[in-house]
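1. can't give you the sequence, but here's the structure:
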C-alpha cells in the first residue's frame, strides 16, 4: 500500500501537485517563480513540515510555469532538480533567448486573463538540473514514480506516472478548458505529440493530473478525440505569424486581381 498523498495547489497560472510521504515530499513540476513562497508556506503551515522535506522538484519542460521556481526551491530547501536528459538547453542561442522573453510575456498574458495581480516571473533561461532522467526510469528517491517522455509541446516534455494508483501527471500535454480538452500551444512536433497522447492512452490511467485544468478521469473515447483533433502541422508563434502573413499576402493578391479586372 502506497503512503503517498497527492495534493493539488492553485498556482499563479497553473495547477501544482505535491506528492507527500511521511518522510519526504516531491513537487511534480517547477511552478512559476511567484509560486515558491506559496508552496513553501503550505509545507510549513498546513503540512507542518520543515521545507527541507522537499527532496525533489521535477521540471517537465522549460516554460515559465513549469521551470520558473526550480532554482529558487533548491536555494531555499536544498532539494534536487530532476529533468529530461538533453544535451542542449531549450532556450539556447539568440533565438532561444528571444523565445524565453516571449514565453515570459505569454505567461503574463495568461495571468492577466485570469485576473491575477502582477508578480515577478523572471527566471533563468538556463536550467541546471542535479539529475537528468530518460523514458521509463524511476524518479530518484521516489521509486513509485515512473518518468515518461511525452514530447511534442516542446522537445523535452515529461509525464510522471504513479505506479500504485495509476495516476499520471501530464504537465501541458492536455489542456482542460471550461467545457473541453484541447492541445497546448505551442506544438512543435505534431507527429511526436500524437505519439505522446497515444502513450498516455495506452496506460489506461485512473486519473490524469493536468497543469491547466485539474485531476480528472479521461476515458478512451476522449483520448481518441484528442488524437483525431490534434494539430497536423506545427503550432508555434513563428508558424502563426508566417501563416498570417501568407494569408494577408494571398488576400492582398486577390484584392489586387479583383481591382485590376474591374
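-> Received the coordinates, thanks. This structure is a prediction, so every number in the text was calculated from the model and none was measured.
2. May I have the residues that are in contact with residue 201?
-> Taking Cβ atoms under 8 Å, 6 or more residues apart in numbering as the definition of contact, the neighbours of residue 201 are 220, 223, 224, 227. Where C-beta positions appear, they are placed from N, C-alpha and C, glycine not excepted.
3. 6 Å - rerun?
-> Residues near residue 201 by Cβ atoms under 6 Å, 6 or more residues apart in numbering: residue 223.
4. Could you do residue 80 as well?
-> Contact criterion Cβ under 6 Å, 6+ apart gives 56, 130, 131 as the residues in contact with residue 80.
5. Give me the neighbour count for the first one.
-> Counted with other Cβ atoms under 10 Å, residues neighbouring residue 56 total 22.
6. Quick check: phi and psi at the nearest residue in space to it that is not next to it in sequence.
-> Taking Cβ to Cβ, 6 or more residues apart in numbering as the measure, residue 56 lies nearest to residue 26, with 4.5 Å between them; neighbours along the chain are not counted. Here is the backbone geometry of residue 26 (degrees, to the nearest 10): phi -120, psi 140.
7. Isn't residue 26 up against residue 19?
-> Yes. Counting by Cβ atoms under 6 Å, residue 26 touches residue 19, with 4.3 Å between them.
8. Closest one to residue 122 out of the contacts of residue 80, please.
-> When the contacts of residue 80 are compared for distance to residue 122 (Cβ to Cβ), residue 130 wins out at 22.0 Å.
9. who touches that closest one in this structure?
-> Taking Cβ under 6 Å, 6+ apart, one finds 80, 81 in contact with residue 130.
10. Would you mind measuring from it to residue 9?
-> 23 Å (Cβ to Cβ, to the nearest Å).
11. Residue 216 too?
-> In this structure, residue 216 and residue 9 are 17 Å apart, going by Cβ to Cβ.
12. which one of the two has more residues nearby?
-> Here residue 216 and residue 9 are set side by side on neighbour count (other Cβ under 10 Å), and the busier one is residue 9, at 16 against 13.
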